[in-house]
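**Q** predicted model, plus sequence, below.
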Amino acid sequence: MSSPANVACLQSINFSLLKSGEASEISRLLQACQINGFFYLNLEDDAHGFLLDLAKALALLMGFYDEPLDIKLRSYKGEGMAGYKPIGTHAGLVEGKGDGYENFRVPKDDLFADTTTFPKQIYENKELFVRLVTTAHSIMTVILSALSDSLGVSGPDRFENKHRLHAPARAELQFLKYAKQTVNGPNVGFGKHTDIGTLNLLLFDDWGLQVLCPEHGSWEYVQPKKHQAVVNVGDTLHALSHQQLRSVVHRVKPVKENQDRCRFSTGYFLRAENQTLIRDSNGEQRTALQYYERKFKVYQEPHEVQKLTSIITGGMEKMSNVIQGDQTS
Ligand SMILES: O=C(O)CCC(=O)C(=O)O
Ligand SMILES: [Fe+2]
């Protein structure tokens, strides 16, 4: 489709330059995290295998989504829990309507444990999913280490030291499937929010994701780009960096031209080790695990209850010019 009029202007950071410690790329990364909180990560040169693995995993999940609902519901363990999430269980984009996506969340720790509770599409291909998590985690570690260096964070406080691969944490792979995109259905898009975790890495082929531009206070679409992941800072990294890195409000809004097909969005959601202490935007201190559980509870609340707390947007909304209550413009 042609580009929507309002497209976010995000920096593209080259992963292989970052990995080799190129100072100018590290400095561009820092700026992108400070100003926009969202950036493209070009994985073309270095992580081609990772992109292929992600596509294979998505194809397996598409097979799962094609199963009858009663089979899928065997993997539904309740709201906020890992596994399958049916459509419409959270407050969505439009006031009074539910969300427009199914999701499957595959926790890092469950992949490393010897669990058999996955559906066959994952269980029979566990090596692929373990490889995906391990590679995604190592990509995130390169980014965190560059950010620790840039901000002069040392010793145990270094961001990567709070995200060790085998330490218990709620990091996970996610496979979101948005139903055919229309703003008129009963369940629409993904409501405005910030992400609770540290960093997210997402890949998608279709328009839909919008960021609330911190500079302009307006909603801007994030252009899908081949071989480039979209990475964003979450509330945890905002807090761990003493508010120097920006967790930005975003949402998913259907695009008219794409109403004939589903939209898929896959990625790795990096979250801090469970016992990491985090001070939120209200100055309250909790562990990463408590903070995560609290935010997932609020996701399920209706819009009128969500409005009573700033946790859904990480307290970030008041830092930009968004019109309160605006859901669709
Ligand atoms: O589907 C997308 O592009 C974004 C999803 C998202 O914001 C999330 O899962 O937190
Ligand atoms: Fe998000």
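**A** Everything's here; your move. Ligands and ions are numbered 1, 2, ... in the order given.
**Q** residues in contact with A146?
**A** 18, 21, 26, 29-30 (C-beta atoms under 8 Å, 6 or more residues apart in numbering). C-beta coordinates here come from the backbone N, C-alpha and C atoms, glycine included.
**Q** now it. Nearest residue, chain neighbours left out?
**A** I26 (4.7 Å; C-beta to C-beta, 6 or more residues apart in numbering).
**Q** please enumerate the strands of the stretch 201-329 of the chain.
**A** Taking DSSP state E, counting those that start in this stretch to define them, one finds strands in the stretch 201-329 of the chain at 209-212, 219-221, 228-233, 250-252, 263-270, 277-279, 285-287.
**Q** take those and lay them out in TSV including distance to R105 and mean pLDDT.
**A** What follows is these, written out as TSV (distance: least, C-beta to C-beta, whole Å; pLDDT from 0 to 100):
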stretch	distance to R105	mean pLDDT
strand 209-212	18	96
strand 219-221	25	96
strand 228-233	17	98
strand 250-252	16	95
strand 263-270	8	97
strand 277-279	21	91
strand 285-287	20	93
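**Q** closest to G92 out of those strands?
**A** Proximity to G92 (C-beta to C-beta) singles out strand 250-252 among the strands of the stretch 201-329 of the chain, at 9.0 Å.
**Q** is ligand 1 contacted by the closest one?
**A** Yes. Judged by C-beta under 6 Å from any ligand atom, strand 250-252 and ligand 1 are in contact via 250, 252.
**Q** give me the contacts around that strand.
**A** Outside strand 250-252, the residues touching it (C-beta under 8 Å, 6+ apart) are 38, 93, 100-101, 178, 189-194, 208-212, 219, 222, 232, 263, 265.
**Q** one more time with 7 Å, if that's ok
**A** Contacts to strand 250-252, defined as C-beta atoms under 7 Å, 6 or more residues apart in numbering, come from residues 93, 178, 189-193, 208-212.
**Q** out of those residues, who's the most crowded?
**A** G189 (29 neighbours; other C-beta atoms under 10 Å).
**Q** give the contact list for that one.
**A** Taking C-beta under 7 Å, 6+ apart as the criterion, G189 is in contact with 92-93, 99-100, 251-254.
**Q** mind running it again at 6 Å?
**A** 92-93, 100, 252-254 (C-beta atoms under 6 Å, 6 or more residues apart in numbering).
**Q** mind listing what the residue nearest to the spatial centre of the chain touches?
**A** In the chain, the residue lying closest to the centroid (C-alpha atoms, centre = their mean) is N200, at 4.2 Å. N200 makes contact with 232, 267, 269, according to C-beta under 6 Å, 6+ apart.
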